[in-house]
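Engineer: turn this into a model:
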Amino acid sequence: MTISRKELSWMYETMYKSRYYEDEMEKTYTEGKTPVFNIGSGTVPGEMHLSTGQEPAAIGISVHLRKDDIVASPHRPHHHAIAKGVDLKRMTAEIFGKKTGLSKGKGGHMHLFDPAVHFSCSGIVGAGLPQAAGAALAAKKKNKDSVAVAYIGEGAANTGSFHESLNLASLWNLPYIVVVENNSYGISVPKSASTSVASNDLRASAYGDNVKGYYVKDNDPIAMYHASKEAVERARKGEGPSIIEIETYRFLGHFQGDAEGYRPEGEVEELREKDPIPLFRDLLMKDHSFKEDELVSLEEKAKGEVDEAYAFARESDYPDLEEALDNVFI
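Structural biologist: Numbers count the residues shown, from 1 in each chain. Reported below is the predicted structural model:
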């Protein structure tokens, strides 16, 4: 199964864009929070969960998705949003709490909604699973071949909503895909201390013969591409739901400000030696005939889009105080 040059270019550019975006957010988030950390102060107030290192999980499936496909993301959503094509300027403004944001600055980084590309996320663990199942049911009832994807961390695979959603998705044979990003930790609890199975793709067989499981090792974007391609094609043809678990890496803490005392010494350094972006870059040049200047051009394009988004957010106005109760349910 070959991958087109266009797809490979998109995958690399989007991975690079996501990483550059998160690197910039890591720096921006510290503004106004030193020397004493105060979660409510600074340019970007509130909690912040960055996806640095987990880029292959997003681009490997989003390369197969269409605008009308639905994505439900968890509290670590930026790489998913970028890969799905969420408006980057309005997304950044939302994170900054500005009135030009996706939700006029009222949602923040864990509550990004862009109906134009059918993207949503939630800070509640496992909350996107039933929402994506509902979207898959709607697509089936409308006789559409769109699919619904729910991204979760491996910790959310132990929630009731995981079982309930997959049970109904199998029973109703929905175009539903669960992507489990296994970064080894549910906040600070290692997977080995919380989960009884070696990987969550093994759970697929518990829901019936029409549910298929895939496991992607080593944070590999190419392997994620192939597993996702099959899962998406199965869903579009009405062949049933899928669970894809990808072994991925969280280079940073669970949240910005996390002291990470639970991580073994040297773990992050070892993980960064397996950084998927330079490895993918080398692969493109070695095995797919990409030239250095081509990749630099993609990188510069990605940087330009991110820089424009941050400038837009910084220059945008904050909402007026009297707008606090507008567009909310009370």
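Engineer: so for stretch 9-26, what's the average pLDDT?
Structural biologist: For stretch 9-26, mean pLDDT is 98.
Engineer: which residues does it contact?
Structural biologist: Stretch 9-26 is contacted by residues 44, 48, 50-52, 55-56, 58-60, 62-63, 78-79, 82-83, 88, 95, 221, 225, 252, 256, 276-277, 280-281, 284, 294-295, 298-299, 301-303, 305-306, 309-310 when judged by Cβ atoms under 8 Å, 6 or more residues apart in numbering. C-beta: built from backbone N, CA, C; applies to glycine.
Engineer: show me these that map onto helices.
Structural biologist: Judged by DSSP state H, the contacts of stretch 9-26 include 55-56, 58-60, 62, 78-79, 82-83, 88, 95, 221, 225, 276-277, 280-281, 284, 294-295, 298-299, 301-303, 305-306, 309-310 as members of helices.
Engineer: among those residues, name the buried ones.
Structural biologist: When burial is judged by neighbour count using 16 or more other Cβ atoms under 10 Å, the buried members of the ones in helices among the contacts of stretch 9-26 are 55-56, 58-60, 62, 78-79, 82-83, 88, 95, 221, 225, 276-277, 280-281, 284, 295, 298-299, 302, 305-306, 309-310.
Engineer: quick one, helices of this protein?
Structural biologist: Taking DSSP H as the criterion, the chain carries its helices at 5-29, 55-62, 78-84, 88-96, 128-141, 160-171, 221-236, 267-272, 276-287, 292-315.
Engineer: tell me where the stretch 201-330 of the chain is predicted with low confidence.
Structural biologist: Counting by pLDDT under 70, the stretch 201-330 of the chain shows low-confidence ranges at 330.
Engineer: go with 90
Structural biologist: 321-330 (pLDDT under 90).
Engineer: surely residue 238 meets residue 173?
Structural biologist: Yes - using Cβ atoms under 8 Å, residue 238 makes contact with residue 173 at a distance of 6.6 Å.
Engineer: list the residues that contact both of the two?
Structural biologist: Taking Cβ under 8 Å, 6+ apart as the contact rule, the neighbours common to residue 238 and residue 173 are residue 140.
Engineer: between those two, which one's more packed in?
Structural biologist: Legend: neighbour count by other Cβ atoms under 10 Å for residue 238 and residue 173, higher for residue 173 (17 against 12).
Engineer: quick one: contacts for that one?
Structural biologist: 140, 210, 238, 240, 241.
Engineer: any quick ChimeraX command for the buried ones out of the residues you listed?
Structural biologist: The ChimeraX command for the buried members of those (criterion: 16+ other Cβ under 10 Å) is given here:
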select :140,210,240,241
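Engineer: how much space between residue 327 and residue 173?
Structural biologist: Remark: distance between residue 327 and residue 173 (Cβ to Cβ, to the nearest Å) = 37 Å.
Engineer: looking at the helices of the chain, which is nearest to residue 117?
Structural biologist: Ranking the helices of the chain by their distance to residue 117 (criterion: Cβ to Cβ) puts helix 78-84 first, at 5.4 Å.
Engineer: what's that closest one packed up against?
Structural biologist: In terms of contact count using 3 or more Cβ pairs under 8 Å, 6 or more residues apart in numbering; DSSP states H and E, helix 78-84 is assigned the packing partners helix 5-29, helix 55-62, strand 70-73, helix 88-96, strand 119-121.
Engineer: among these, which is nearest residue 182?
Structural biologist: Comparing the helices and strands packed on helix 78-84 by Cβ to Cβ, helix 55-62 comes nearest, at 9.1 Å.
Engineer: what does the closest one contact?
Structural biologist: Outside helix 55-62, the residues within contact range by Cβ under 8 Å, 6+ apart are 10-11, 14-15, 18-19, 51, 71, 79-80, 82-84, 149, 151, 177, 179, 181, 216, 219-221, 223-225, 227-228, 231-232, 244, 246, 248, 276-277, 280.
Engineer: for that helix, what is the distance to the chain centroid?
Structural biologist: Taking Cα atoms, centre = their mean, to the nearest Å, the mean C-alpha location of helix 55-62 is offset from the chain mean by 8 Å.
Engineer: about what we covered before: in JSON lines: the contacts of residue 173, plus distance to residue 38.
Structural biologist: Written out in JSON lines, the entries for the contacts of residue 173 read as follows (distance: Cβ to Cβ, whole Å):
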{"residue": "140", "distance to residue 38": "48"}
{"residue": "210", "distance to residue 38": "50"}
{"residue": "238", "distance to residue 38": "52"}
{"residue": "240", "distance to residue 38": "48"}
{"residue": "241", "distance to residue 38": "43"}
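Engineer: closest to residue 290 among the contacts of residue 173?
Structural biologist: The nearest one, if we look at the contacts of residue 173 relative to residue 290 and count by Cβ to Cβ, is residue 241, at 35.0 Å.
Engineer: tell me how far the closest one lies from residue 144.
Structural biologist: Note on residue 241: its distance to residue 144, by Cβ to Cβ, is 16 Å.
Engineer: returning to what we had before: of the helices and strands packed on helix 78-84, which approaches residue 322 most closely?
Structural biologist: Counting by Cβ to Cβ, residue 322 lies closest to helix 88-96 out of those; the figure is 19.5 Å.
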